Structures are given as structure tokens and as C-alpha cells.
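Chemist: Provided below for reference: sequence and predicted model.
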Amino acid sequence: MSSLELTQALADAFRDALDGIVITDEQAVIREVNPAYEQICGYSREELVGQPASVLKSGKTPPERYRQLWDQLLSEGRWTGELLNRKKSGEEWWSFLSITRLADAQGRALGYFGVARDVTRARQTARELERELAELHSVQDVSITALAKLAEHRDPDIEGHLARIKRYCELMVRALEGQFPELSPGYGEAVVAGSVLHDVGKVAVPEGILFKPGRLSPEEFSVMKLHSLVGGKVLGEAEVELRRRMEVSETFLSRALEIAMYHHEKWDGTGYPAGLSREAIPLSARIVAVADVYDALTSRRVYKDAWSREAAREELERGAGQHFDSRVVAAFLQEEARAQEAE
């Protein structure tokens, strides 16, 4: 390709580019724009050439953004970011802008080459999506809480139990960050949200067993243990249907299902309903197990008085490595004082 052909090819590319292109001198005075830039901002080439690039300012971009822009252009020779500009019509538009400093062989500025794209619609779509997600999370939280209340409202002695369980799990998740590969932010949030459904299966337990003031017989305890299977079955069926409809591999009910089914498993394999041990027990259930036992010990029940905080902490320490995952117990004990301050 000859120099003439190359020049013509560059001119054609400049003219036909889908993104807006603006070229200024070293004082940021506009020297050339392409048709796409005219279309984006509503000004003709004749109206723009000779004007400072600031003619497009909306006045709503923070001054600090412009200071950063110029500092980076002068130090690194390029800047990329978003600016809120104004069209000739007065309509505001978000410009995703990439600017390159043009310099001669001695490094002296000759001008600036900018490529702009109107991302207003994309930003609006993103905000709408954020609102929809926020609404979805709200509906999810309300639905989970309402479902959990089915179990809680039957027993006046456990008022506040769900709120405390949720708070304990929130603190443990934070303390355990970095210790387990599966404990991503999304996983942790799902554990906290799903923790309130740990005993949802108790709706199927007869009141005579659920509120018995004395020790349960072996037969009664066998019935009581069914609440884990019932909770797991109910949430499992809902989770399967939700995954099918949403065409995803997991949903917000995935952690809740694990918790309801397995929060009575024990680290040494002597728990129920499946006799799982160690890491075979989902981390979500291991976390809720500690929160649930601690709150059960420190709360009054029809069959017992509340234990002291100190006695409950000692019980967790004795159960570490047998009933509970030692790392989860350590995380709870680290945060236990903070949990009480929040009540």
C-alpha cells in the first residue's frame, strides 16, 4: 500500500467509524470531528471546529474527574473514562471516552485524539437492572422470612430466634472469609439469608412433641428428627422447580436446602439425618449448626432454663472437633462479644 493509499484508507476509516472521533490541538480546541461525533452530540462539524472541547460539558461532571483526566494525560499520555456531557438540544448524554495525547519526536504536545461512545442507554439499562435485582432481593428476603415464621410463630419461647441466628451467621461468615474456597461473597450472603429456614420442617412436628416440657422418648425424638428431612424435601422441591424455570445450576434456595437438611449433622459423623462427617457436611450447615446450638443454649425453652453466655461458650469449645467444625467455632467465639452488643 502506498502512502497515498494509506492516507485515503485512514480518511475513510475516520469518516465511517461508528464511534465518534474528535481531534483537538494542544489547547483542547476542536480541529476535526467525524460524522458519528456530529450525530452523537447534535452539533455540525462547522459548529464544533474552533470551539473548546469544553463546549460539550454538562456542568455535572465533578471537577475532580477533569483534574484526574489531565493529570493522567500529561503523565501517561492517555485516559479512559466516562463524562456526563450535553448535546446541542440540551439533552445530557454519558460519553465513554478514550483520549490519547499526540506528541512530536521531542515529546511536545501536538494535540489530543479522542474516541467517544454514547453509553447513556447502557447506563439506564444497568440502573433498571439494578432496581429489578434490588426488588428481587427484597421479595426473596420477605418470602424467606415469611416461610421461616411458619415454624417460629408456633413457639412463643423462641421469639427473636431467627433474627439472632441470622446475626450470628453474618458475623461468622465475615470472620471465616479466606478460610474456605467456597465461601465467596455470594455464598456467604446465601448462608445468612437461608439460615432462618433451618427449622422450617418443624411445621410437620406434632405440638405434643414440639412443646413437650420434659425429655423426649426415643420414639418422640425419632419424630422430631424428621423435621430435617421435611425441611429438606420442601425446599428441595422448590429449589428444583426454581432452577428449572430460571435455567440455572443454583438458586438462593440452594444454601437454604443444605441448611435445613444438614444443620444437625455432626463433625464426627454421629448426627442426623444422613450421618455425614467432616467436610462432607456442607459449610452452610456447619455454620448454622454453631449458631443454632448457641442460641438454643442461651434461650429459655419449655424444657429448660437459659444457660449463661459463659456456659454456652464452654459447651461450644467442648464440641469443637466432635460436634462442630473447630474453625467455625473459633470464628463464632471471636465474634461472640460483638454479637451480644448488637442485640
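Modeler: Happy to help now that I have it.
Chemist: need the pLDDT of the residue most central in space within the chain.
Modeler: The residue lying closest to the centre of the chain (C-alpha atoms, centre = their mean) is residue 186, at 5.3 Å. Predicted confidence (pLDDT) at residue 186: the value is 88.
Chemist: SS state for residue 170?
Modeler: Per DSSP: H, G, I helix; E, B strand; the rest coil, the local secondary structure of residue 170 is helix.
Chemist: could you pull up the residues touching it?
Modeler: Applying C-beta atoms under 8 Å, 6 or more residues apart in numbering to residue 170 gives the contacts residue 192. Where C-beta positions appear, they are placed from N, C-alpha and C, glycine not excepted.
Chemist: the one 3 residues further on now?
Modeler: If a contact means C-beta under 8 Å, 6+ apart, then residue 173 has 183, 188, 191-192, 287 as its contacts.
Chemist: who wins for neighbours among these?
Modeler: residue 287 (29 neighbours; other C-beta atoms under 10 Å).
Chemist: which element, helix or strand, includes that residue?
Modeler: helix 283-297 (DSSP states H and E).
Chemist: that helix packs against which elements?
Modeler: When contacts are defined as 3 or more C-beta pairs under 8 Å, 6 or more residues apart in numbering; DSSP states H and E, helix 283-297 packs onto helix 161-175, helix 185-194, helix 253-262, helix 309-319, helix 326-341.
Chemist: just name the most buried of those.
Modeler: Ranked by mean neighbour count, the helices and strands packed on helix 283-297 are led by helix 253-262 with a mean of 26 (mean count of other C-beta atoms under 10 Å).
Chemist: identify the residues contacting that helix?
Modeler: 144, 187, 190-191, 193-195, 197-201, 228-229, 231-232, 234-236, 238-239, 242, 273-274, 276, 281-282, 284-285, 288.
Chemist: can you go through those residues and name the buried ones?
Modeler: Buried members of the contacts of helix 253-262, counted by 16 or more other C-beta atoms under 10 Å: 144, 187, 190-191, 193-195, 197-201, 228-229, 231-232, 234-236, 239, 274, 276, 281-282, 284-285, 288.
Chemist: low-scoring stretches of the stretch 51-200 of the chain, by residue?
Modeler: 129-130, 132-159 (pLDDT under 70).
Chemist: what about the helices in it?
Modeler: Under the criterion DSSP state H, counting those that start in this stretch, helices of the stretch 51-200 of the chain are mapped to 63-76, 120-152, 161-175, 185-194.
Chemist: and residue 171, how far from residue 233?
Modeler: Separation of residue 171 from residue 233 (C-beta to C-beta, to the nearest Å) stands at 30 Å.
Chemist: one step back: wait, which of the helices and strands packed on helix 283-297 is closest to residue 71?
Modeler: Closest of these to residue 71 is helix 185-194, at 32.7 Å (criterion: C-beta to C-beta).
Chemist: got the CA coordinates for that closest one in CSV?
Modeler: Listed next in CSV are the C-alpha coordinates belonging to helix 185-194 (Å, rounded to 0.1, in the frame of the first residue of the first chain):
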residue,chain,number,x,y,z
PRO,A,185,-19.4,-13.2,48.9
GLY,A,186,-22.5,-14.6,47.1
TYR,A,187,-22.2,-17.9,49.1
GLY,A,188,-21.9,-16.1,52.4
GLU,A,189,-25.0,-13.9,51.6
ALA,A,190,-27.0,-17.0,50.8
VAL,A,191,-26.0,-18.7,54.0
VAL,A,192,-27.1,-15.7,56.0
ALA,A,193,-30.4,-15.4,54.2
GLY,A,194,-31.1,-19.1,54.2
